[in-house]
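Trainee: whatever this is, show me its structure:
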Amino acid sequence: MERILFVTHNFKGGGIQKITLDTARYQAQQGNDVTLLALEEGMDFQLDFSCAYHVLPVKEFLFKHPFLGLYFLFYKMFLRKIFPQSEHLWAGTIYKKIFMEYQKTQQPFDAIFINGARSMNRLYSLNLSQVVYSLHLPHVLAKKNNIYYNFLFKKLFLNKKVFTVSDFIKDPILKKSMQLSIPLKCLETIYNPCDKKDLLEKSKDEINFNSKFILAVGRLSRQKRFDVLIDAYHLADIDLPLIILGEGNQRKVLEKKIEQLNLNQKVLLKGFDNNPFKWMNRCEFFVLSSDLEGFVLVINEALACGAPVIATDCGPVTEILTGELQKGIVPKQDPIALANKIKQFVQTPIYPSEDVIDKLSFSHITKLQLKLALQ
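Mentor: All right, here's what the predicted structure looks like:
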């Protein structure tokens, strides 16, 4: 039995949070001792497996150390605005102190997975051999190239164990680390796992909707470009309603667009659903309209449920939609191209084969992750 700690910035509805919980659940089911640690308050998921759940006591620590509290406030209000992309320089020391205090209250962990760039920024300075950082989106520092950003990149990645969830994320990091001669302990691509058996079981649940429909799922954020999808849907001028599952800060913007286009009866914002698979199983096809993604787990989930997929070329999509499925890829930020593809899929959708995601089993992926932490 291994003691495994999973860390992310919070457990509000989102892709990193979901895959963290799914992976933790699988490890718990294998008999491992699992702990979840959030760096912020926020839990939108049900913890339906055996684990410990903690929130890093940031406020309590800063209250006990008022000088650090003032420094933290100064960082929040000024430093991170004056020095962009430098959170790890200013916040890293404080979060390390709080984390090390937290760790004293726990039995030693055999593996610590710190998931997402925000969590990596805050806990980048942990000098523990069992720590592995995972990145789920392209890292901004890998694309910027001057003395300032190169310094930040070196501070963040030097001697780290890192896995990315696609080659699309890994390759720029590898290229820059080689250019700057920055040694990493390890940099690998390990795809996000997808539990096909569990998905198909959950997909049998009933939905409160009787008509045929098109589906999109994701956080209602600018990055997901549901505004482009709604414009494309309007241009396509089809009868099938569009259902969007998710919550986020763009809800009011999207509601206004839906009203302006007179689509209130056809585009339905259904909110966050802990089980989107029952919708994927019944949709005519699935649409992803994002500007940028790191792996797009939701595409694999839709494919596992047997749904045809349309997706913008937003990063690693070509690593997932291969062969005939590539015909579902369209340029990003192009509502006309997306509208034409939607009309095409209404007539002739491209269905995935049954074995399309078999290489992403939890058994295989979690072994790779744990091997990296223990080596």
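Trainee: for the protein, longest helix please?
Mentor: helix 87-104 (DSSP state H).
Trainee: mind giving me the packing neighbours of the helix or strand following it?
Mentor: Toward the C-terminal end, the helix or strand that comes next after helix 87-104 (DSSP states H and E) is strand 111-115. With contacts defined as 3 or more CB pairs under 8 Å, 6 or more residues apart in numbering; DSSP states H and E, strand 111-115 has these neighbours: strand 3-8, helix 15-29, strand 131-135, helix 362-374. C-beta: built from backbone N, CA, C; applies to glycine.
Trainee: at 7 Å instead, please
Mentor: strand 3-8, strand 131-135, helix 362-374 (3 or more CB pairs under 7 Å, 6 or more residues apart in numbering; DSSP states H and E).
Trainee: now do it: distance to the chain's middle.
Mentor: Per CA atoms, centre = their mean, to the nearest Å, the displacement of strand 111-115 from the mean C-alpha position of its chain is 15 Å.
Trainee: just stretch 227-245 next, same as before
Mentor: 24 Å.
Trainee: swap in stretch 1-21?
Mentor: With CA atoms, centre = their mean, you get 10 Å for stretch 1-21.
Trainee: residues contacting that stretch, please?
Mentor: Residues lying outside stretch 1-21 but in contact with it, judged by CB atoms under 7 Å, 6 or more residues apart in numbering, are 23-24, 27, 31-45, 107-116, 118-119, 123, 136, 192, 219, 247, 272, 297, 370.
Trainee: what distance separates the start and the end of it?
Mentor: End-to-end distance of stretch 1-21 (CA to CA, to the nearest Å): 19 Å.
Trainee: measure Val131 to Phe153 for me?
Mentor: With the distance defined as CB to CB, to the nearest Å, Val131 ends up 19 Å from Phe153.
Trainee: now swap in Gln265 and tell me
Mentor: From Gln265 to Phe153 the distance is 50 Å (CB to CB).
Trainee: swap in Ile207?
Mentor: Counting by CB to CB - Ile207 and Phe153 are separated by 46 Å.
Trainee: burial check on Lys252, number of neighbours?
Mentor: Residues near Lys252, counting by other CB atoms under 10 Å, number 9.
Trainee: and it, what element?
Mentor: Lys252 belongs to helix 251-260, assigned by DSSP H and E.
Trainee: for whichever helix or strand comes after that helix, which helices and strands make contact with it?
Mentor: On the C-terminal side of helix 251-260, the nearest following helix or strand under DSSP H and E is strand 267-271. For strand 267-271, the elements it packs on are strand 242-245, helix 251-260, judged by 3+ CB pairs under 7 Å, 6+ apart.
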